[in-house]
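>>> Structure, please.
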Amino acid sequence: MLPLEKRNYTLEEYLELDHACEEKIEFRDGRIYPRAGTSVSHNRIQVNTILALETRLRGRGGHVFLSDMRIGVPACPPYRYPDLSALCGDPVFETLGRQEVLTNPQLIVEILSDSTAEFDRGDKFTYYKSIASFTEYVLIADDRPHVTQYVRQDENNWLNREFNSMGEKFRLASLDCELELSELYEGVQFTEIQDRFRLIAEND
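Model prediction:
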């Protein structure tokens with residue numbers, strides 16, 4: 001990781017740094033923020049979700065993109081790095097600096113952690129809403145079986161549903177397919193997260 005000074009950067013400086021960095025960094029309001037590393041449970045959920053979506057979209061002309069795919073966000077330029085994104089149809093890209101940026105995701109998925117949950121539910125969701133093609137947002141908790149789904153109804157309204165049981169299923173309106181919580185959380189050891197919270201509480 002390149003050392004980052006605590007100062008404001010221009011968009012051009014950020015694009016050059018992001019091209020040179022092996023790790024992902026994000027640009028917001030002139031500041032650069034390194035993307036934090038992820039937990040074992042986060043990685044397991046991410047792999048499970050990618051595999052589930054790839055299976056559902058196979059042969060249907062759909063595309064699933066991993067967390068290193070840059071997503072163009074008009075309200076928070078130049079782009080963000082969601083945990084994964086997907087669409088049915090042909091992806092559309094533009095070039096910013098030397099970076100290839102996806103401009104037409106339909107589904108965006110974020111896997112929540114202690115450090116990102118508030119931003120993912122709040123400002124980041126607001127930024128994503130400026131993407132014209134974006135119609136569905138799925139938030140997956142990494143500490144318990146819990147999925148929050150937002151589906152765009154019109155320009156200003158989103159339908160919100162929550163799912164909390166491993167046996168529950170939910171339909172992705174954007175991709176016309178169904179997912180089950182048990183497959184998203186397969187192999188995830190929630191005791192690891194519970195132990196982490198216990199240690200934090202004991203040290204308070």
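
>>> Secondary structure of residue 101: a strand, I assume?
Yes - Residue 101: assigned to a strand according to DSSP: H, G, I helix; E, B strand; the rest coil.

>>> just checking, it touches residue 78?
Yes - at 7.1 Å, residue 101 counts as touching residue 78 under the criterion of Cβ atoms under 8 Å. Where C-beta positions appear, they are placed from N, C-alpha and C, glycine not excepted.

>>> anything in contact with each of the two?
70, 72 (Cβ atoms under 8 Å, 6 or more residues apart in numbering).

>>> Break this structure into its domains for me.
Domain ranges of the chain: 1-35, 38-203, per automatic domain parsing.

>>> okay, those domains in JSON lines with mean pLDDT and mean neighbour count next?
Listed next are the domains of the chain as JSON lines, based on pLDDT from 0 to 100; neighbours: other Cβ atoms under 10 Å:
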{"stretch": "domain 1-35", "mean pLDDT": "77", "mean neighbour count": "13"}
{"stretch": "domain 38-203", "mean pLDDT": "91", "mean neighbour count": "16"}
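
>>> Give the other helices and strands that the top helix by length along the chain contacts.
Counting residues, the longest helix found in the chain (DSSP state H) is helix 40-57. Applying 3 or more Cβ pairs under 8 Å, 6 or more residues apart in numbering; DSSP states H and E, we find helix 40-57 packed against strand 62-65, strand 84-88, strand 107-112, strand 177-180, helix 181-184, helix 190-203.

>>> hmm, 10 Å instead?
strand 62-65, strand 84-88, strand 107-112, strand 136-141, strand 169-172, strand 177-180, helix 181-184, helix 190-203 (3 or more Cβ pairs under 10 Å, 6 or more residues apart in numbering; DSSP states H and E).

>>> mind giving me TSV with the ones you listed and columns for distance to residue 35?
Listed next are those as TSV, based on distance: least, Cβ to Cβ, whole Å:
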stretch	distance to residue 35
strand 62-65	16
strand 84-88	14
strand 107-112	12
strand 136-141	17
strand 169-172	25
strand 177-180	25
helix 181-184	22
helix 190-203	20
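
>>> Any chance of the backbone angles for residue 159?
Backbone geometry at residue 159, expressed as degrees, to the nearest 10, gives phi -80, psi 130.

>>> beta partners of it?
residue 151 (DSSP bridges).

>>> which one is residue 186 nearest to, not counting chain neighbours?
In space, and not counting its chain neighbours, residue 186 is closest to residue 48: 5.4 Å by Cβ to Cβ, 6 or more residues apart in numbering.

>>> if I look at the one you found, how far off is residue 187?
7 Å (Cβ to Cβ, to the nearest Å).

>>> Over to residue 149?
From residue 149 over to residue 187 (counting by Cβ to Cβ), the distance is 22 Å.

>>> Over to residue 136?
25 Å.

>>> who touches residue 136 in this structure?
86, 105-109, 149-152, 158-159, 172-175 (Cβ atoms under 10 Å, 6 or more residues apart in numbering).

>>> mind running it again at 8 Å?
106, 107, 108, 149, 150, 151, 152, 172, 173, 174, 175.

>>> Just the closest of those to residue 131, please.
residue 108 (8.2 Å; Cβ to Cβ).

>>> For the closest one, which residues are in contact?
71, 82, 84, 85, 128, 134, 136, 137, 138.

>>> Cool, thanks, signing off.
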